[in-house]
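[1] Please work out how this folds:
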Amino acid sequence: MEQDDLFGSVESIIFSSEDTGFTVARVKQPRITDLTCVVGSMPGIIPGEKIRAKGIWKHHPTYGRQFEVASYEVDYPADVVGIQKYLESGMVKGIGPVYAQRIVQSFGVKTLEVIDKTPYRLLEIEGIGEKRVVKIQDCWGEQKAIRDVIIFLRGHGISPSFAQKIYRKYSDDAIDMVQDNPYRLAREIHGVGFKTADSIAEKLGVPKDAPQRIEAAIEYMLWELSSDGHTCFPKDQLLERVTELLEVDKNLVEDALPKLITDEHIIEDQDQIWIKPLFTAELGIVRELKRLTEQPCSIRDLDIEKAIEWVQEKLYLNLASEQVSGVKKSVSEKMHILTGGPGTGKSTITRAILAILSKITNKVILAAPTGRAAKRMSEITRRKAFTIHSILEVDFQQGGFKRNRNNPLSCDLLIIDEASMIDTQLMYSLLKAVPDNARVILIGDIDQLPSVGPGKVLKDIIESQVLPVTRLTQIFRQARGSKIIRSAHSINKGYFPDLEFEEKSDFAFIEEQEPEQILAKINFLVSKGIPDKYGYDAINEIQVLAPMKKGPIGTENLNHVLQSTLNPSNQPLMRMGRRFHFGDKVMQIRNNYDKKVFNGDVGRVVKIDTVDQEVQVDFEGLTVPYDFSELDELVLAYAVSIHKYQGSECPCVVIPVHTSHFKLLYRNLLYTGITRGKKRVILIGTKKALAIAIKNNEAFLRHTGLMDKLMLSFDLPVCSSN
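    Numbering: from 1, shown residues only. Below is the predicted model of the structure:
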């Protein structure tokens with residue numbers, strides 16, 4: 001089909017996908033009054049830019065006539081209107097809509113030339129001082145320097161936001177680095193995946209069977225599998241996956257393994273393949289646990305029976321037999337694991353342990369994996385609790401943590417809550433920092449989902465039987481009054497919960513058959529129904545939790561709908577395929593040690609500065625700035641995945657349960673979601689989906705090597721590691 005040409009100025013961006021680069025834009029063509037709808041893969045085009053495109057005209061049944069782009073080029077705007085739009089878009093730090101208008105009014109079509117060659121003339125503009133001129137000059141200089149990088153990468157499907165990241169990583173060597181080995185982008189630049197790097201490599205002429213392509217794919221696949229929770233993966237299955245990804249002969253993939261093993265990029269053991277850092281971490285956990293269990297405890301022995309009697313009288317407790325057992329082991333064993341579901345008394349035991357051992361030592365550290373879990377631990381114990389990251393002290397210069405074997409924590413007793421959330425690498429870092437003589441108590445619910453990061457550390461340690469464990473099973477009277485807790489325990493045992501409606505109950509099931517009906521119901525309940533009836537704040541006190549990301553009732557669409565209902569805006573910020581409004585509820589989706597925010601942290605957008613290209617987010621009192629190029633670290637959090645929300649709690653939780661989520665309908669996922677609600681839980685969906693989840697106790701398999709390594713090290717008979 002013969003292609004047409006289109007030339008014009010980009011007026012506005014209607015939609016842009018970070019994942020695919022698909023963009024819907026409105027373009028002003030010369031001598032044509034109406035704006036033209038232009039669609040296609042055009043990552044990162046900016047209002048005001050001139051676009052010259054080739055493509056075909058199509059008629060959309062809903063949106064009418066559109067120009068579908070096959071290829072395109074862009075250039076700086078040359079007219080006053082285009083220049084002003086370009087500067088208003090936030091491409092140059094220090095210039096927003098107000099200053100853009102003033103500058104263009106003064107310098108007209110020579111505006112960009114003035115900024116480029118005589119920036120001191122900007123001092124003629126009211127409100128612009130020397131500091132702002134320096135900021136504009138620096139940004140413009142960087143923009144000029146990366147212009148070639150942007151043009152080069154845009155031709156390979158990478159948006160300007162990622163081009164900025166790439167330039168900042170490699171500086172003036174960016175193009176040479178990418179041309180030399182495009183696969184390093186997938187490894188070194190957050191947000192650039194293997195497929196994008198592979199696409200660049202293909203355009204650069206890298207053969208499909210090139211060793212560097214195959215080696216990069218093997219490492220990429222192992223890291224991708226680690227994001228699904230695996231620390232290792234069966235060799236045969238790994239070869240199949242990489243072969244399918246690359247569309248090459250399987251023998252070529254297998255032939256690439258020895259070099260990666262020799263270079264110590266990957267490790268092979270017992271027909272399992274590890275990416276090296278995860279193998280090192282698993283070995284490290286084994287070594288540190290062995291060290292800690294073999295060393296004496298600095299806390300002196302005590303009369304346990306008298307201590308139990310004293311603490312019950314002191315705290316007005318009447319401990320059940322399994323609680324007494326838990327306290328006894330915790331105050332006598334060097335390391336101890338305490339596990340149990342909601343309402344089984346973990347908090348009571350923690351307070352009892354602290355009351356007893358605080359009489360002997362004041363060198364006690366309480367910690368949890370997340371800020372919210374640490375805050376809840378503080379409320380329960382009435383003592384300051386910290387995040388694990390904060391007690392380990394992030395080393396911003398060297399990377400990693402300042403606390404380690406050579407600089408251990410100063411404590412006689414370390415109590416870690418929500419230990420099921422700790423992944424392999426964090427557990428290794430934590431154990432390395434525990435002094436030889438300290439007593440360690442790990443508390444967690446083993447039936448919840450495992451950590452977001454790779455591994456199932458707490459479960460592997462418990463199942464290896466190398467440490468003493470107390471399992472709490474009895475639900476206490478106060479907890480039995482909660483239908484949330486009764487329902488959670490029923491589900492955990494594989495029984496269908498009581499779904500009969502009770503007016504004063506804290507647990508409810510609303511039956512809706514179609515995803516569209518569930519979506520509408522959730523939108524109504526969160527925005528009006530629940531706040532009106534129970535007084536909860538729609539954004540701060542209600543959390544929607546969904547099993548999946550995609551689909552009508554996946555987190556992405558739920559967030560789009562809830563953002564429009566709860567926090568609409570006529571001036572959204574569109575960056576990196578995301579839409580942000582002032583006041584939005586957002587979540588950090590990767591650990592950022594420089595900013596001191598971590599995967600799963602939830603905050604609120606408190607400032608959007610289009611002039612300085614910065615968004616500020618308040619994470620429970622910590623205000624964190626994000627450059628516009630860093631916004632791929634944030635997603636909307638009106639709805640979040642159950643996995644991301646583990647360790648957190650909210651007064652009211654709403655969960656869609658539908659067969660369209662069948663891939664993730666697991667018992668422990670449903671159980672974890674329900675136990676996130678403190679005062680009210682509402683399930684919306686079908687009984688069939690609920691039954692599927694309850695029946696499916698074959699939780700998503702995670703391949704790890706920790707349990708086998710522990711059993712071998714502690715001279716126990718090895719079973720299976722998965």
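[2] Give me the phi and psi angles of the residue at minimal distance from the centre of the chain.
    Nearest residue to the geometric centre of the chain (Cα atoms, centre = their mean): residue 589, 2.4 Å. According to degrees, to the nearest 10, the main-chain angles of residue 589 amount to phi -110, psi 10.
[3] how about the nearest residue to it, chain neighbours excluded?
    residue 635 (5.6 Å; Cβ to Cβ, 6 or more residues apart in numbering). (Each C-beta comes from the backbone N, C-alpha and C, glycine too.)
[4] Wasn't the one you found part of a helix?
    No. Residue 635 is assigned strand when assessed by DSSP: H, G, I helix; E, B strand; the rest coil, not a helix.
[5] For residue 637, see how far away the residue nearest to the centre of the chain is.
    10 Å (Cβ to Cβ, to the nearest Å).
[6] Spatially, and excluding backbone neighbours, which residue is closest to residue 56.
    Residue 56's closest residue in space is residue 68 (Cβ to Cβ, 6+ apart), at 5.4 Å.
[7] Report how many residues lie close to the one you found.
    Applying other Cβ atoms under 10 Å, we find 16 residues neighbouring residue 68.
[8] Please enumerate the helices of the stretch 451-600 of the chain.
    457-464, 477-480, 483-492, 515-524, 530-534, 555-566 (DSSP state H, counting those that start in this stretch).
[9] ugh, wrong one, the stretch 151-300 of the chain
    Ranges of helices within the stretch 151-300 of the chain are 160-170, 174-180, 184-188, 194-203, 211-227, 235-246, 250-262, 276-294, based on DSSP H, counting those that start in this stretch.
[10] helices or strands up against the fifth one?
    With contacts defined as 3 or more Cβ pairs under 8 Å, 6 or more residues apart in numbering; DSSP states H and E, helix 211-227 has these neighbours: helix 184-188, helix 194-203, helix 235-246, helix 250-262, strand 266-269, strand 272-275.
[11] deepest of those, which one?
    Ranked by mean neighbour count, the helices and strands packed on helix 211-227 are led by strand 272-275 with a mean of 24 (mean count of other Cβ atoms under 10 Å).
[12] and it, what's its mean pLDDT?
    For strand 272-275, mean pLDDT rounds to 96.
[13] elements contacting it?
    So strand 272-275, by 3+ Cβ pairs under 8 Å, 6+ apart, packs with helix 211-227, strand 232-234, helix 235-246, strand 266-269.
[14] Can I get these in TSV including distance to residue 325?
    Shown next, in TSV, are the helices and strands packed on strand 272-275 (distance: least, Cβ to Cβ, whole Å):
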stretch	distance to residue 325
helix 211-227	37
strand 232-234	35
helix 235-246	42
strand 266-269	37
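[15] what's the closest of those to residue 46?
    Closest approach to residue 46 among these (Cβ to Cβ): helix 211-227, 30.7 Å.
[16] Can you give the distance of the closest one from its chain's centre?
    21 Å (Cα atoms, centre = their mean, to the nearest Å).
[17] which outside residues touch it?
    Residues outside helix 211-227 that contact it (Cβ atoms under 8 Å, 6 or more residues apart in numbering): 181, 183, 186-187, 193-194, 197-198, 201, 206-207, 233, 238, 241-242, 245-246, 248, 252-253, 256-257, 259-260, 265-266, 273-275, 278, 453-454, 703.
[18] List the buried residues for that helix?
    Residues 212-226 are the ones in helix 211-227 that count as buried (16 or more other Cβ atoms under 10 Å).
[19] Same question for stretch 401-415.
    If you call a residue buried by 16+ other Cβ under 10 Å, then stretch 401-415 has these buried ones: 401, 403, 409, 411-415.
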